[in-house]
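[1] give me coordinates for this.
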Amino acid sequence: MSTQEGLVVALPKGRILKEILPLLKRAGIEPEAAFHDEHARQLRFTTNHPGLDLVRVRSFDVATFVAFGGAQLGVAGSDVLMEFDYPEIYAPVDLNVGHCRLSVAEPKALADSDDPSRWSHVRIATKYPEVTKRHFAARGVQAEVIKLSGAMELAPSLGLCRRIVDLVSTGSTLKANDLVEIEHIAEISSRLIVNRAALKTRPEAVGRWIDIFQEVVDAG
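    Okay, the predicted model is just below:
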């Protein structure tokens, strides 16, 4: 089956995938057995629907696959959508999973005497450079951004910068690294996303899955 004949849904690897699986089941999508095997080397999987395949990719790559037509649908966090801001992507359904927040954090010792309202220039480590620049520009603060792919919490203690922008769920990772949240940027959740061109050229096939996932979410 070619991509043109069927639909491909891009799903993020990792923690969020576990939250998405019950939604897939309620939507009537049953992946082949290998999909549930963490050691399986294949990345594309069939489902009980002959015209629907699943792919597992990194969370940041889901939006790229959908934007450029490698997949027609996908599940991406609103943090990823904010960072890339692809005009080719339409995000019609908030799936109500993957809840967390995007925040600015700094060492607790610094936060005790810091006043964010007085900042004019900050150096920030993050994997969200575009979101970070926009956030601080809106406040009139010049942001020098150091892009990292992970381990943001190490940056302040190693002298790379004094502050970070990262996703926060329970806050336990920040606490373990003596960091505290000082600014809230956005609430985050996972969204069903679709390629706009695919929706326009194949409205029945793509639109059907939008409706199904919306019904699943509405049913709770």
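
[2] in space, what's closest to Asp53 - neighbours in sequence excluded?
    Val8 (5.1 Å; CB to CB, 6 or more residues apart in numbering). C-betas here are computed from N, CA, C, even on glycine.

[3] how deep is the one you found tucked in, by neighbour count?
    Each residue near Val8 was counted by other CB atoms under 10 Å, and the total is 21.

[4] what kind of secondary structure is it in?
    Here Val8 is strand, with the state taken from DSSP: H, G, I helix; E, B strand; the rest coil.

[5] surely it touches Gly70?
    Yes - taking contacts as CB atoms under 8 Å, Val8 lies within contact range of Gly70: 7.0 Å.

[6] buried set for the helix of greatest length in the chain?
    In the chain, with assignment by DSSP state H, the single longest helix is helix 203-218. Within helix 203-218, the residues scored as buried using 16 or more other CB atoms under 10 Å are Ala205, Val206, Trp209, Ile210, Ile212, Phe213, Val216, Val217.

[7] again with stretch 97-105
    Val97, Gly98, Cys100, Arg101, Leu102, Ser103, Val104, Ala105.

[8] just the pLDDT for Gln4.
    pLDDT for Gln4: 51.

[9] ok, what's across the strand from the most centrally placed residue in the chain?
    Against the mean C-alpha coordinate of the chain, by CA atoms, centre = their mean, the closest residue is Gly77 at 2.7 Å. Beta-bridge partners for Gly77, by DSSP bridges, are Ser190.

[10] correct me, but Val168 touches Asp79?
    No - when contacts are counted by CB under 8 Å, Val168 is not listed as touching Asp79 (11.0 Å).

[11] for Asn177, give me its contacts.
    Asn177 is in contact with Glu153, Leu154, Pro156, Ser157, counting by CB atoms under 8 Å, 6 or more residues apart in numbering.

[12] quick check: domain ranges of this protein?
    Domain ranges of the chain: 7-98+189-218, 100-187, per automatic domain parsing.

[13] as CSV, those domains with mean pLDDT would be great.
    Formatted as CSV, the domains of the chain follow (pLDDT from 0 to 100):
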stretch, mean pLDDT
domain 7-98+189-218, 96
domain 100-187, 96
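
[14] could I get the full set of helices for this protein?
    With DSSP H as the criterion, the chain has helices spanning 15-26, 59-67, 78-84, 108-111, 129-138, 154-157, 172-176, 196-201, 203-218.

[15] of the ones you listed, which stretch is the most buried?
    When the helices of the chain are scored by mean count of other CB atoms under 10 Å, the highest mean neighbour count falls to helix 59-67 (a mean of 23).

[16] ok, and what's touching that helix?
    10-14, 16, 55, 57, 70-77, 80-81, 83-84, 86, 88-89, 127, 193-195.

[17] quick one: that helix to helix 15-26, angle?
    50 degrees (axes from the mean of the first three to the mean of the last three CA atoms, to 10 degrees).

[18] can I get helix 59-67 as CSV, trimmed to CA atoms?
    C-alpha atoms of helix 59-67 as CSV (Å, rounded to 0.1, in the frame of the first residue of the first chain):
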residue,chain,number,x,y,z
SER,A,59,7.4,13.8,19.2
PHE,A,60,9.0,16.8,17.5
ASP,A,61,9.0,14.9,14.2
VAL,A,62,5.2,14.2,14.2
ALA,A,63,4.4,17.7,13.0
THR,A,64,7.1,17.6,10.3
PHE,A,65,5.8,14.3,8.9
VAL,A,66,2.2,15.7,8.8
ALA,A,67,3.2,19.2,7.5
